[in-house]
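1. This is a predicted model, with the sequence first.
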Amino acid sequence: MLQGKTVYIYTFGCQMNDADTEMMAGLLEAMGYERAGSAGEADVILINTCCVRETAENKVWGLLGELKTLKKKRPEVIIGIGGCMPQQPGMADEIAGRAPYVDLVFGTHNRHELPRLLELVYSKGKPLYEVWDKAAVIPEGLPVRRESRLKAWVPIMFGCNNYCTYCIVPYVRGRERSREPGAIVTEVRNLALQGYREVTLLGQNVNSYGKDLPEKVDFADLLKMLNAVDSLWRIRYTTSHPRDFSDKLIKTIASCDKVCENVHLPAQAGSNRILARMNRGYTREYYLGLVERIRTTIPGASLTTDLMVGFPGETQEDFNDTLDLVRRVRYDQAFTFVYNPRSGTPAARMPDQVSEEEKSRRIQELIAVQKEISLARNRAEEGRIHEVLVEGPSENNPAFLTGRTRTNKKVVFSGSESLIGTLADVRIDEGKLTYLAGSLLPAGGRE
Ligand code: SAM
Ligand code: SF4
């Protein structure tokens, strides 16, 4: 029945959504769907959504507007919308009102049910809205259609228990649920056997991995188990919550040769008053101490972060504390966000919201400060030699190759395509703002 049917999936949001899309693509491929080159020629169009900020939602509404025209031209096309956005209370009704031409609405907890849901849409011939309010079990062994043949996302846990006061994630992704360590090790072993060389372990807070499992296992234990997987070269992980970053974990990262020297450590703010209002569970002094311990125990580690400006009640003094933290830590890179109230979160109900003009002024200042630091840190790499996992031709200039250092910096250099998939030693010639330009050392690539 599905012979020749095609699907196109749009993905918004974080790496967890990228991983979810690969899983949905795998499920559809197993049903016989092929991948369409564009939405215009697909039989099924899916949108995997994000709702962390309003801008992400606005992009989805804009896309739905464009797809309305397509649906008018080709009424037989099935449009499905899933993931975090429909998981919000009242959102399914809003979609029904604003985009009644959508055929399928599903949430984060039933994305693995996609084959059954699609079959129902086809057999009943009418729109289907099915959003579960919580997860049942963690489905294991689902097919995954991965984008890369070298690097793989591996979700190790779902949901979040932290309830930072600005964040919608715990409401749309549910309570923390860790996968069994055995299932993760098996998946990673199979990936290595298929030729994958790097895995990125995903979770909203990987450092609390295992807390909900009956067996006594934590994230450090999991890293040790995965470090023993043959033919795997690199292990990355994201995201680490500073509060749960134990000394045991720091030592484990330092001692596991496959675990890369890059820590993404979202600070969010540099003011203790704002950190408390955000419910982050740490102070700037604790955070700076943690950075110190990481840098002493894991020599050469790069540090990246997420920062937010304009949280309710943030004064100029509080913002100055964030700038001061950034100058003290000297991050390699920072993802900077303007606080955006999310309905249903405590911060959205806080009275002292910061004006949009002030938020915009602060974010620009923060970006300018961080840019200077990122550039200086990349310039400091000049003359150093890095091991690069060669991924393929550079997107901006396909005459060059690109890959990443263990510290997760992008390197662009000249070399033969036969190096793709190998580890190459590259000397850094020039540090740019977002990448390092280098030259391949004569030894070529290693396997
Ligand atoms: N779990 C991860 C953590 O704690 O760092 C990240 C989850 S969230 C998808 C990624 C980033 O989005 C957060 O670190 C935060 O800086 C930002 N973010 C979350 N809620 C936000 C909001 N309401 N407005 C602006 N940025 C927000
Ligand atoms: Fe959101 Fe905080 Fe959980 Fe990260 S740790 S997902 S910011 S609630």
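-> That came through, no problem. Being a predicted model, the structure only gives us computed values, none of them experimental. Ligands and ions are numbered 1, 2, ... in the order given.
2. Return the residues of the stretch 151-300 of the chain in contact with ligand 1.
-> 166-167, 169, 204-205, 239, 241, 266, 268 (C-beta under 6 Å from any ligand atom). All C-beta spots, glycine's among them, are computed from the backbone N, C-alpha and C.
3. And those residues, which is closest to Lys68?
-> Nearest to Lys68 among those: Val169, at 29.2 Å, using C-beta to C-beta.
4. show me the contacts for the closest residue to that closest one other than its chain neighbours.
-> Using C-beta to C-beta, 6 or more residues apart in numbering and skipping residues adjacent in sequence, the residue nearest Val169 is Cys160, 5.1 Å away. Cys160 sits next to 167, 169-170, 173, 176, 204-205 when contact means C-beta atoms under 8 Å, 6 or more residues apart in numbering.
5. which two from those residues end up farthest apart in space?
-> Cys167 and Glu176, at 13.8 Å, using C-beta to C-beta across the contacts of Cys160.
6. Show me the shaky parts of the protein.
-> Residues of the chain meeting the criterion pLDDT under 70: 1-3, 444-445.
7. Name the residues of it found near ligand 2, please.
-> Checking the chain against ligand 2 by C-beta under 6 Å from any ligand atom, the hits are 160, 162-164, 167, 169-170, 204-205, 241.
8. Kindly reformat those as a markdown table containing distance to Met85 and secondary structure.
-> Shown next, in a markdown table, are the residues of the chain next to ligand 2 (distance: C-beta to C-beta, whole Å; DSSP: H, G, I helix; E, B strand; the rest coil):
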| residue | distance to Met85 | secondary structure |
| --- | --- | --- |
| Cys160 | 17 | coil |
| Asn162 | 21 | coil |
| Tyr163 | 20 | coil |
| Cys164 | 19 | coil |
| Cys167 | 15 | coil |
| Val169 | 12 | helix |
| Pro170 | 15 | helix |
| Gln204 | 17 | coil |
| Asn205 | 22 | coil |
| His241 | 24 | coil |
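9. Could I have the buried ones of those residues as PyMOL selection syntax?
-> To isolate the buried ones among the residues of the chain next to ligand 2 in PyMOL, judged by 16 or more other C-beta atoms under 10 Å, type:
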select buried, resi 160+162+164+167+169+170+204+205+241
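10. Among the residues of the chain next to ligand 2, pick out the one closest to Arg145, please.
-> Gln204 (23.5 Å).
11. Could you measure from the closest one over to Tyr163?
-> 11 Å (C-beta to C-beta, to the nearest Å).
12. Against Asp230, how distant is the residue nearest to Val169?
-> From Cys160 to Asp230 the distance is 33 Å (C-beta to C-beta).
13. What of Asn17?
-> Taking C-beta to C-beta, one finds Asn17 at 30 Å from Asp230.
14. hang on, Asp20 packs against Ile47?
-> No - the criterion here is C-beta atoms under 8 Å, and Asp20 misses it with Ile47 at 11.9 Å.
15. shared neighbours, those two?
-> Gly83.
16. and Leu191, how many residues sit next to it?
-> 21 (other C-beta atoms under 10 Å).
17. ok, now Pro351?
-> The burial count for Pro351: 6, using other C-beta under 10 Å.
18. Tell me where the stretch 51-200 of the chain has strands.
-> 78-83, 104-106, 128-130, 151-155, 157-158, 177-178, 198-202 (DSSP state E, counting those that start in this stretch).
19. Which secondary structure elements does the last one sit against?
-> Applying 3 or more C-beta pairs under 8 Å, 6 or more residues apart in numbering; DSSP states H and E, one finds that strand 198-202 contacts helix 15-31, strand 151-155, helix 181-193, helix 219-227, strand 234-238.
20. Over to the second one?
-> If you count contacts as 3+ C-beta pairs under 8 Å, 6+ apart, strand 104-106 packs onto strand 78-83, helix 91-98, helix 114-124, strand 128-130.
21. Does anything pack onto the second one? Which helices or strands?
-> Contact partners of helix 91-98 among helices and strands, from 3+ C-beta pairs under 8 Å, 6+ apart: strand 104-106.
22. Provide a complete list of residue ranges assigned to helices in the stretch 301-447 of the chain.
-> Taking DSSP state H, counting those that start in this stretch as the criterion, the stretch 301-447 of the chain contains helices spanning 316-329, 356-379.
23. For ligand 1, find the nearest of those.
-> helix 356-379 (9.9 Å; C-beta to the nearest ligand atom).
24. got the contact list for the closest one?
-> 307, 309-310, 314, 319, 322-323, 326-327, 330-334, 336-339, 409, 430-436.
25. quick one: that helix to helix 316-329, angle?
-> On the basis of axes from the mean of the first three to the mean of the last three C-alpha atoms, to 10 degrees, helix 356-379 is oriented at 10 degrees to helix 316-329.
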